[in-house]
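Enquirer: Sequence and predicted structure, then a few things I'm wondering about:
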Amino acid sequence: MAEVVIVESDAEAGEIAASAISALVRERPDAVLGLATGSTPLTTWRALAAAGTGLAAVRGFALDEYVGLPPGHPESYRAVITREVVEPLGLTPSLVRVPADDGGPISGAGERYEADIVAAGGIDLQILGIGRTGHIGFNEPGSSLASLTRVKTLAEQTRIDNARFFPSLDDVPTHCITQGLGTILRARHLVLLAFGSAKAAAVAAALEGPVSASTPGSVVQMHPRVTVIVDEAAGAQLEHADYYRYAWANRFDWERWS
Ligand code: PGA
C-alpha cells in the first residue's frame, strides 16, 4: 500500500519530499525526475534548494503543459518550470523537458514525449499534486487508467482553480497535454503531496476509495511504491489515518531515506 505521511505543515511535507529527491540524486546524480507545477510542490522546491543538493546532471520531465498559449507565455508550464524549478535549483535547462516542447506538431507530441521518457531510462521519482477533481497531472475524471501522454480538455473546475494565475477565467486555456495515468504508473517512485481542506475529499477518494477512472488519483493504488504526504487538513477524511501515523512512526531504519 501507499506510505501515507500526515504532517503539521506544507513546509514539513516539502522537507520530506526533498529528502527523497536528495537521497535519490546522491545515489544517481543524473536521476530522472518527474516535475509538477501548481502551488503544491513549492515547499519541496524550496527545501531542495536549501539542501544544496547538486542537481546539474538531473534530467526532468514535466507532467503537463497548457495547449494554446503563445510561446513564452509566463503561465505556460515551460515558463513556470523554468522560473520555479530550473533556475532556483540549478538544473540544466537543456535537460528539462515539458510536453510538446520539441518544436514538432501538437499531433504526435504525446507519442514523442513518451519515447523521450523511455529513451531517458524512465522517470525515477515523480512529484504529484492532486486537483479537487481528483486529477493527477491533468488527467481529469474519465481518464483511462492506462492512458499515455496526450491532449486533453480541462475540466471547468480545473480552469476555475487555475484562473488565479490568469487575468480572467476566459484567459485560462481549455486544453492541455499531459502525461497519462499509465505514464505516471511507469515512474519508479510516486510522491504525491496535498495540502488544505479543499483537497481532503480528493485525497480520501484517491487513497481509500475504489480504483476508478472517475477518480484519476486512485490509480496510485496500483503502484508498488507511493509516498503520500499530506497536512492534517488534506488528510482529515482519511479513514485509516491512525494506522498511517503508526506505520510512519514505526518504520525501520532501512526504510528511511536519509
Ligand atoms: P495545486 O494544483 O498544487 O495548485 O493545488 C494541484 C493540481 O491541480 O494537480
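Expert: That came in fine, so what should we check first? Numbers count the residues shown, from 1 in each chain.
Enquirer: Between its first and last residues, what's the separation in stretch 105-123?
Expert: 24 Å (CA to CA, to the nearest Å).
Enquirer: quick one: is stretch 191-204 near the ligand?
Expert: No - judged by CB under 6 Å from any ligand atom, stretch 191-204 stays clear of the ligand, getting no closer than 7.1 Å. C-betas here are computed from N, CA, C, even on glycine.
Enquirer: Report the buried residues of that stretch.
Expert: By neighbour count with 16 or more other CB atoms under 10 Å, stretch 191-204 contains the buried residues 191-196, 199-204.
Enquirer: Same question for stretch 41-53.
Expert: By neighbour count with 16+ other CB under 10 Å, stretch 41-53 contains the buried residues 41, 43-49, 51, 53.
Enquirer: Quick one, grab the pLDDT at Glu255.
Expert: Per-residue pLDDT puts Glu255 at 79.
Enquirer: how close does it sit to Val220?
Expert: Glu255 is 19 Å from Val220, where distance means CB to CB, to the nearest Å.
Enquirer: Which of these two has more residues huddled nearby?
Expert: Set side by side, Glu255 and Val220 show more neighbours around Val220, with 23 against 10, by other CB atoms under 10 Å.
Enquirer: Report the distance from whichever strand or helix holds Tyr244 to the chain centre.
Expert: For Tyr244, the host element (DSSP states H and E) is helix 241-249. Remark: helix 241-249 is offset 23 Å from the chain centroid, using CA atoms, centre = their mean, to the nearest Å.
Enquirer: again, but for stretch 179-188
Expert: That offset, for stretch 179-188, works out to 11 Å (CA atoms, centre = their mean).
Enquirer: Quick check: mean pLDDT of it?
Expert: 98.
Enquirer: Now the helix holding Tyr244: average pLDDT?
Expert: On average, helix 241-249 scores 96.
Enquirer: Against which helices or strands is it packed?
Expert: Applying 3 or more CB pairs under 8 Å, 6 or more residues apart in numbering; DSSP states H and E, we find helix 241-249 packed against strand 3-7.
Enquirer: That'll do, ta.
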